[in-house]
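Asks: how does the following fold in three dimensions:
(2 chains)
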Amino acid sequence: MAKEVVLMKGNEAIAHAAIRLGVDGYFGYPITPQSEVLETLAEQKPWETTGMVVLQAESEVAAINMVYGGAGSGKMVMTSSSSPGVSLKQEGISYIAGAELPCLVVNVMRGGPGLGTIQPSQADYFQTTKGGGHGDYHLIALAPSSVQEMADFVGLAFELAFKYRNPAMILADGVVGQMMEKVELPEFRPRRTEAEIIAQCPWATTGCKGRRPNVITSLELDPAIMEQRNLHMQAKYEEIQAKETRYEELDCEDADYLIVAFGSCARIAQKAMEHAREEGIRVGLFRPITLWPFPAEALAQRAEHVKGLLVVELNSGQMIEDVRLAVKCSKPVEHFGRLGGIVPDPDEVTAALRQKFIHP
Amino acid sequence: MTKEDLIKPEHLVYQKPRLLNDNNMHYCPGCSHGVVHKLIAEVIDEMGMAEKTVGISPVGCAVFMYNYLDIDCQEAAHGRAPALASAIKRLWPDRLVFTYQGDGDLACIGTAETIHALNRGEHITIIFINNAIYGMTGGQMAPTTLLGMKTATCPYGRVPEIHGYPLKVTEIAATLQGTAYVTRQSVHTVAAIRKAKKAIRKAFECSMTGQGSSLVEIVSTCNSGWKMTPNAANQWMEEHMFPFYPPGDLKDTTDL
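Replies: You can find the predicted model right below:
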């Protein structure tokens, strides 16, 4: 059978992938630049086909708590938002992480801080990878750089979320959410049956038929027990760090310089890399796909034979901290970023590379 | 009749509900929570829903509801129980889903979630314990604290110029198109307990027959927070709470 390739926005691809992958519920609240996720779901009416629940909540706070409830009951549930809305979701995300529940949160980042702008940004890297909500926890964070990855990472995020009973985030930006590209959508997969959910999630609040009652909570007043719960979570995070780092390398084998970039910035950096190579500067691109866990070991190995690394981000320098930690200050690490919703031209990146390393 | 005869099942006139377990409750002596827990346990069992119920506990004194009721439970963030319940009910339509919330949880931090879940007509029941004070955190002012009432954060009495007015969420709920059954009860006398149980039963039946959302307010005592004996608290509730929060059905569009 010929592959079905369609042209659509990244936000639309998220919605279509969710329906096709048998997601049970989506709970969201409109915010630019990601409203097409909810709009597409509303237009597709999956409740009439797959039985997927789609609900426009009264706020981002309510939406994430709907996800908390649905995830606790063993269902595949998700929400999406953009930066200011994701700030509102942080409380719920912390509870979901604390109760060790699987779910998907999509952040199509826009410029901040505050109400900021509706233009693209990557300024929520710290929020996503260093905490966001309160307490010692981590999200599994996937950074798509194409519409195809927007579709693909819905399935990957749920796979990892259920494997580790941990919330996963697709950290996209306004470029990837709004741009149109061709995409091959996943095959239709039926939603899990009640028996399958109960078998897969024996911890879930499905109604205590034939077993002791289940409780979903992040609360434990005894600090000795709470410490054990935290240590258990830390052990889980170590396992995720050991097994689940993902990254892409382009033309890194002979590179004298590495550009490190994620999401839409990696696409811009790829063009900049091509321009630099036309000038005779041997540049490679290292693209972290998992921002947490950060592919530190792979980056450190690749950095061994380069003269310097340029971190390109739509922020003032956030991922650069993880890059510096990865290479342990063994190589010069420089930053180029545009802020507040400005997306750089590839030539700006090439110029920055020249200015920082070739003709300082 | 011997003791052995008396304890035969056919002679039983009263027993602890099967779904209320033997864990020691942390509630203060005289508190209304224990009675309401008992009623919920009885109603769920009598409806045959023990294995198909999900309860959502709040932040507040009832945070540990799940330690006492032998049903599946989720512990919500402060005020967010109706959001959890909305999702669970939509994802599991044949389950009985209810929230159990205090006045601070429901009428203050969770007002938006409460009003919108009720107005969407979610097929859930909200049990609302209104004792006009924050019990768990040590007796601070609640959105339902009466004018003149003294709490840790209005030690000279609640005055509208500083603290605003007490909120009648149940009256608001009765105006919403999504609600089918809105009632205000109490559990301070045997007669009141019987009526409250019937109200909880009707609300749960309403949820299971998909007629709209239900809100059961239980005007309650917090004798620790009010700094009264249990008896004095019951009397004070009748004299001061009931005039502002009068018991009775505020709305019933069910066919139950």
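
Asks: from residue B:69, how far out is residue B:98?
Replies: 11 Å (C-beta to C-beta, to the nearest Å). C-beta: built from backbone N, CA, C; applies to glycine.

Asks: where along chain B do the helices fall?
Replies: With DSSP state H as the criterion, chain B has helices at B:3-6, B:33-46, B:81-91, B:103-104, B:111-119, B:160-163, B:169-174, B:190-208, B:223-226, B:230-236, B:242-244.

Asks: most neighbours per residue, which of these?
Replies: Comparing the helices of chain B by mean neighbour count (mean count of other C-beta atoms under 10 Å in any protein chain shown), helix B:81-91 ranks first with a mean of 30.

Asks: just checking, what packs against it?
Replies: strand A:25-28, strand A:53-56, helix A:60-72, strand B:53-57, strand B:96-102, helix B:111-119, strand B:125-130 (3 or more C-beta pairs under 8 Å, 6 or more residues apart in numbering or on different chains; DSSP states H and E).

Asks: repeat the analysis, applying 7 Å as the threshold.
Replies: strand A:25-28, strand A:53-56, helix A:60-72, strand B:53-57, strand B:96-102, helix B:111-119 (3 or more C-beta pairs under 7 Å, 6 or more residues apart in numbering or on different chains; DSSP states H and E).

Asks: contacts for the fifth one next, please.
Replies: The contact list for strand B:96-102 (C-beta atoms under 7 Å, 6 or more residues apart in numbering or on different chains) reads B:44, B:49, B:52-58, B:60-62, B:65, B:81-82, B:85, B:88-89, B:110, B:124-129, B:204, B:207-208.

Asks: rerun that using 6 Å as the cut-off
Replies: Strand B:96-102 is touched from outside by B:49, B:53-58, B:60, B:62, B:65, B:81-82, B:85, B:88-89, B:124-129, B:204, B:208, with contacts defined as C-beta atoms under 6 Å, 6 or more residues apart in numbering or on different chains.

Asks: pairing partners for that strand, with directions?
Replies: Strand B:96-102 has the following sheet partners, assigned by DSSP bridges: strand B:53-57 (parallel), strand B:125-130 (parallel).

Asks: can you tell me which residues in chain A are near chain B?
Replies: Taking C-beta under 6 Å from any C-beta of the partner chain as the contact definition, chain A meets chain B at A:24-25, A:53, A:58, A:62, A:65-66, A:68-70, A:72-73, A:75, A:91, A:95, A:205, A:207-209, A:213-217, A:219.

Asks: now those: which count as buried?
Replies: A:24-25, A:53, A:58, A:62, A:65-66, A:68-70, A:72-73, A:75, A:91, A:95, A:205, A:207-208, A:213-217 (16 or more other C-beta atoms under 10 Å in any protein chain shown).

Asks: what's near enough to touch the residue in the stretch 151-256 of chain B that chain A sits nearest to?
Replies: Using C-beta to the nearest C-beta, the single residue of the stretch 151-256 of chain B nearest to chain A is residue B:178, 12.3 Å away. By C-beta under 6 Å, 6+ apart, residue B:178 lies in contact with B:118, B:119, B:120, B:121, B:212, B:213.

Asks: residues contacting residue A:110?
Replies: Counted by C-beta under 6 Å, 6+ apart, residue A:110 has contacts A:33, A:82, A:83, A:118, A:121, A:174.

Asks: bridged to it, which residues?
Replies: Applying DSSP bridges, one finds that residue A:110 bridges with residue A:120.

Asks: circling back: mean pLDDT for the helices of chain B: which is lowest?
Replies: Looking over the helices of chain B, mean pLDDT reaches its minimum on helix B:3-6, with a mean of 81.

Asks: send the alpha carbons of that one over as CSV?
Replies: Extracted in CSV, the C-alpha atoms of helix B:3-6 (Å, rounded to 0.1, in the frame of the first residue of the first chain):
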residue,chain,number,x,y,z
LYS,B,3,-25.4,-12.8,72.8
GLU,B,4,-24.8,-15.5,70.2
ASP,B,5,-28.4,-15.2,69.0
LEU,B,6,-28.1,-11.4,68.9
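
Asks: thinking again about what came up before, in JSON lines, list the strands paired with strand B:96-102 along with mean neighbour count.
Replies: Below are the strands paired with strand B:96-102 laid out as JSON lines (neighbours: other C-beta atoms under 10 Å in any protein chain shown):
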{"stretch": "strand B:53-57", "mean neighbour count": "28"}
{"stretch": "strand B:125-130", "mean neighbour count": "29"}
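
Asks: in CSV, list the ones you listed along with distance to residue A:263.
Replies: Below are these laid out as CSV (distance: least, C-beta to C-beta, whole Å):
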stretch, distance to residue A:263
strand B:53-57, 37
strand B:125-130, 42
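
Asks: residues in contact with the closest residue to chain B within chain A?
Replies: Using C-beta to the nearest C-beta, residue A:69 is the residue of chain A that sits closest to chain B, at 3.0 Å. Each residue near residue A:69 by C-beta under 6 Å, 6+ apart is listed here: B:84, B:87, B:88.

Asks: wait, the last one sits on residue A:74?
Replies: So the one you mean is residue B:88. No - applying C-beta atoms under 6 Å as the test, residue B:88 and residue A:74 come out as separate, 10.1 Å apart.

Asks: any common contacting residues for the two?
Replies: By C-beta under 6 Å, 6+ apart, no residue touches both residue B:88 and residue A:74.

Asks: count of neighbours near the nearest residue to residue B:220 once chain neighbours are set aside?
Replies: Closest residue in space to residue B:220, ignoring its immediate chain neighbours: residue B:32 at 3.6 Å, by C-beta to C-beta, 6 or more residues apart in numbering or on different chains. Other residues near residue B:32 number 27, with proximity taken as other C-beta atoms under 10 Å in any protein chain shown.

Asks: roughly how far apart are residue B:32 and chain A?
Replies: Distance of residue B:32 to chain A, given as C-beta to the nearest C-beta, to the nearest Å: 22 Å.

Asks: before we move on, what about residue B:77?
Replies: 5 Å.

Asks: hmm, that residue is touching residue A:95, no?
Replies: Yes - with contact defined as C-beta under 6 Å, residue B:77 reaches residue A:95; the gap is 5.2 Å.

Asks: returning to what we had before: would you list the strands paired with strand B:96-102 in JSON lines and tack on mean pLDDT and distance to residue B:241?
Replies: Shown next, in JSON lines, are these (pLDDT from 0 to 100; distance: least, C-beta to C-beta, whole Å):
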{"stretch": "strand B:53-57", "mean pLDDT": "98", "distance to residue B:241": "24"}
{"stretch": "strand B:125-130", "mean pLDDT": "98", "distance to residue B:241": "8"}
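
Asks: among these, which comes closest to residue B:163?
Replies: Checking the strands paired with strand B:96-102 against residue B:163 by C-beta to C-beta gives strand B:125-130 as the closest, at 16.9 Å.

Asks: who's in contact with the closest one?
Replies: Contacts for strand B:125-130 (C-beta under 6 Å, 6+ apart): B:98-103, B:106, B:144, B:203-204, B:207, B:214-220.

Asks: next one: it to chain centre, how far?
Replies: Taking C-alpha atoms, centre = their mean, to the nearest Å, one finds the center of strand B:125-130 at 3 Å from the center of the full chain.

Asks: distance of the residue in chain B that chain A sits nearest to relative to residue A:49?
Replies: Nearest residue of chain B to chain A, counting by C-beta to the nearest C-beta: residue B:84, 3.0 Å away. Here the criterion is C-beta to C-beta. By it, residue B:84 lies 26 Å from residue A:49.
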